[in-house]
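Engineer: Dropping a prediction and its sequence here:
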Amino acid sequence: MGLYQRCYPACGRGVYHRSRRAGASIHASTAPADATHCRGDYRFAGGSGVNNALDPGFNNPRIVENSVLGPRSIPFGFSFNFDKALVPFILMIALPSLFVSAPPVRVARWCWGALILCVPGILLIAMGAAGLKLELHWPTWLPAFVLANLFFVSLAEEALFRGYLQQRLSLMMPPVVALCLTSILFGALHAAGGPLLMLFAGISGLVYGLAWMWSGRLWVSTLFHFGLNMCHLLLFTYPALRHAIS
């Protein structure tokens, strides 16, 4: 999402975030916390379905395991998913303009300001929907997370959804229609997390898609994606909100 991560093993955004199995539903209750479970009703975990679709079985090095960032966050871990780092370069063979292309739509500068405000806005709306809570974090493994999330998550997912799919569709139909279709697909790949997760993933996809559509630069949509993920990690319950079982 890449905004959120679904709560089951072998998920995560290229960074391979993994929160312990909370069931197929984003509202699933679990057994008491141990090495493979975390207590609570999990809502709004981060991540996109691209990793489930693009998982060739690489043995990627595990960096963090069962880390709990705060009292209302669930345990999670992540790996350096080097296989996901190959995605942009593989796609560039099929589409040489993957990284740089002519912007399908040009807009005024104030539109960019409004789009930047959408990044924290999405997370605040998610908090209002009881999907997240404010919780400040500064983990010791932050540098590793930045490296993994930027290159193995944000860049890989943006290369697939915006750089390739949206660009291809924009050549065949109006850019706005291509934007909407790509965002719907991005949200649909979060189906295992439930309808609320699908909705917010789709909204996030619209923001990333606009960033690409207005610039024609893959690095711009990647920075928006990465910026939202970092805001989620540093300022909110991450990767999901833990709800105590009564």
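Structural biologist: Received the coordinates, thanks.
Engineer: helix, strand or coil for V64?
Structural biologist: For V64, the assignment made with DSSP: H, G, I helix; E, B strand; the rest coil gives strand.
Engineer: wait, doesn't it sit right on W141?
Structural biologist: Yes - contact criterion C-beta atoms under 8 Å: V64 and W141 qualify, at 5.3 Å. C-beta: built from backbone N, CA, C; applies to glycine.
Engineer: Looking at those two, which is more packed in?
Structural biologist: Remark: of V64 and W141, V64 carries more neighbours, 20 against 13, as counted by other C-beta atoms under 10 Å.
Engineer: The more buried one pairs with what?
Structural biologist: F78 (DSSP bridges).
Engineer: in stretch 88-106, what counts as buried?
Structural biologist: By neighbour count on 16 or more other C-beta atoms under 10 Å, the buried set for stretch 88-106 is P88, L91, M92, L95, L98, F99, S101, P104.
Engineer: Between those residues, which sits nearest R168?
Structural biologist: In terms of C-beta to C-beta, no member of those lies closer to R168 than L95, at 7.0 Å.
Engineer: So for the closest one, what's the pLDDT?
Structural biologist: Note for L95: predicted pLDDT of 96.
Engineer: How about it: what's its closest non-neighbour residue?
Structural biologist: What sits nearest to L95 in space, not counting adjacent residues and going by C-beta to C-beta, 6 or more residues apart in numbering, is Y164, at 5.6 Å.
Engineer: tally of neighbours for that neighbour?
Structural biologist: Y164: 22 surrounding residues under other C-beta under 10 Å.
Engineer: which residues does it contact?
Structural biologist: Taking C-beta atoms under 8 Å, 6 or more residues apart in numbering as the contact definition, Y164 lies against L91, A94, L95, L98.
Engineer: Which ones among those map onto helices?
Structural biologist: Under the assignment DSSP state H, those contribute L91, A94 to helices.
Engineer: Farthest-apart pair in the contacts of Y164, please.
Structural biologist: Among the contacts of Y164, the pair separated by the greatest distance (C-beta to C-beta) is A94 and L98, at 8.2 Å.
Engineer: The chain: helices as residue ranges?
Structural biologist: Here the chain has its helices, by DSSP H, at 50-53, 82-85, 87-94, 109-128, 142-148, 155-158, 167-170, 175-188, 195-215, 218-235.
Engineer: So for the last one, what gets flagged as buried?
Structural biologist: Translated: helix 218-235. Under the neighbour-count criterion of 16+ other C-beta under 10 Å, helix 218-235 has 218-233, 235 buried.
Engineer: how many neighbours does G70 have?
Structural biologist: Using other C-beta under 10 Å, G70 has 16 neighbouring residues.
Engineer: sorry, that was for P195
Structural biologist: Applying other C-beta under 10 Å, we find 11 residues neighbouring P195.
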